[in-house]
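Colleague: sequence and predicted structure are below.
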Amino acid sequence: MSQFPEQHDKVAQHYDFILDFESVRLSEYFPVELAITTRYIQKYIPNCAIVADIGVGVGHYAELLARRGCLLYLVDITQQLLDATLTRLRTKGLEQQIQAINRASVTNLECFENEIFDAVLMLGPLYHLCTLEERNQAVNEAARILKQGGILFAAGINRLTYLRELFREFPQLASARKEFHQQFLQDGNVDPEHAPPIGLAHLTTVAEFRQLFENKFEEISMLGVESFTGAFQKSLTELPESEVEAWLDLVEQTATTPEGLGMTDHFLYIGRKRVEF
């Protein structure tokens, strides 16, 4: 019997199925997301920090942190992603930076003691928690395992990206999905039938995402990592380095504005655990 709730198992199966795409998703299709997130990790997570990377993907950020001397604790509900990250770091000669690998849910991190991490990354798990109770559990677990003043990186998906992609690819479905869309605008939840690329998922709003963290964390930054580049960010891979950096500077300059947050695909919340006296 699985150690996870049924919905979490379905998410794990989804990532097993799309592993090949996930292996190249950031580098080939979403380079702005990768580059801007990297900039902020470099800015707010110091060298040699103790970091829990929860929802490791294929290890892009784990590799970045390992190269900076960080000690890594890797967590995912998908064994194939954990294996891919281990292989990535082993191939790069960085395996010694891995302190532990755990197949676990972000809602239950009993594998970790209280207040042991300088930073926690949740760059994906919150997408797939379809109830507020689960999302609160994840945030509470992040706060529990972080040291006082520790840093949280958490990603969310802009609710309107589903509607944009449907309008772009299947505009004839608006009437047929009218009832679903009214519910979606209220709860932000999608499923494999309506959004096959992401499966069971929760898409959020700026206000909702901010509110999720306010009791446990002080906000450092809330940004739209793609800002205006949105669905066109693959163009970045075709440019010379000087143009790449110029565009990334513009993305970063606009990422925290209402306009940048409104146009982005992904929100990135960076917060500091509130100090309790």
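Modeller: Okay, I see it.
Colleague: contact partners of the helix or strand bottoming out on mean pLDDT in the chain?
Modeller: The helix or strand of the chain with the poorest confidence is helix 6-17; it has a mean of 72 (mean pLDDT, DSSP states H and E). Outside of helix 6-17, the residues within contact range by Cβ atoms under 8 Å, 6 or more residues apart in numbering are 2, 4, 22, 77-81, 105, 128, 130, 192, 198-200. (Glycine included, C-beta is placed from N, CA and C.)
Colleague: ditto for stretch 208-217
Modeller: 126, 135-136, 139-140, 142-143, 152, 154, 156, 188, 204, 219, 222, 267, 269, 271-274.
Colleague: can you give me the strands for the stretch 101-250 of the chain?
Modeller: 117-122, 146-157, 189-190, 201-202, 217-224 (DSSP state E, counting those that start in this stretch).
Colleague: please identify the deepest-packed of those strands.
Modeller: The highest mean neighbour count among those, using mean count of other Cβ atoms under 10 Å, belongs to strand 117-122: a mean of 24.
Colleague: just the CA atoms of it, as CSV, please.
Modeller: C-alpha atoms of strand 117-122 as CSV (Å, rounded to 0.1, in the frame of the first residue of the first chain):
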residue,chain,number,x,y,z
PHE,A,117,17.5,24.3,7.6
ASP,A,118,18.8,27.6,6.5
ALA,A,119,16.6,27.5,3.4
VAL,A,120,13.7,25.5,2.0
LEU,A,121,12.8,25.3,-1.7
MET,A,122,9.3,24.4,-2.6
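Colleague: strand partners (parallel or antiparallel) of it?
Modeller: strand 50-54 (parallel), strand 146-157 (parallel) (DSSP bridges).
Colleague: out of the ones you listed, the one nearest F180 is which?
Modeller: Closest to F180 of the strands paired with strand 117-122 is strand 146-157 (Cβ to Cβ; 17.3 Å).
Colleague: what about that closest one, distance to the chain center?
Modeller: Its chain's C-alpha centre and that of strand 146-157 lie 11 Å apart, by Cα atoms, centre = their mean, to the nearest Å.
Colleague: could you check the angle it makes with strand 217-224?
Modeller: 30 degrees (axes from the mean of the first three to the mean of the last three Cα atoms, to 10 degrees).
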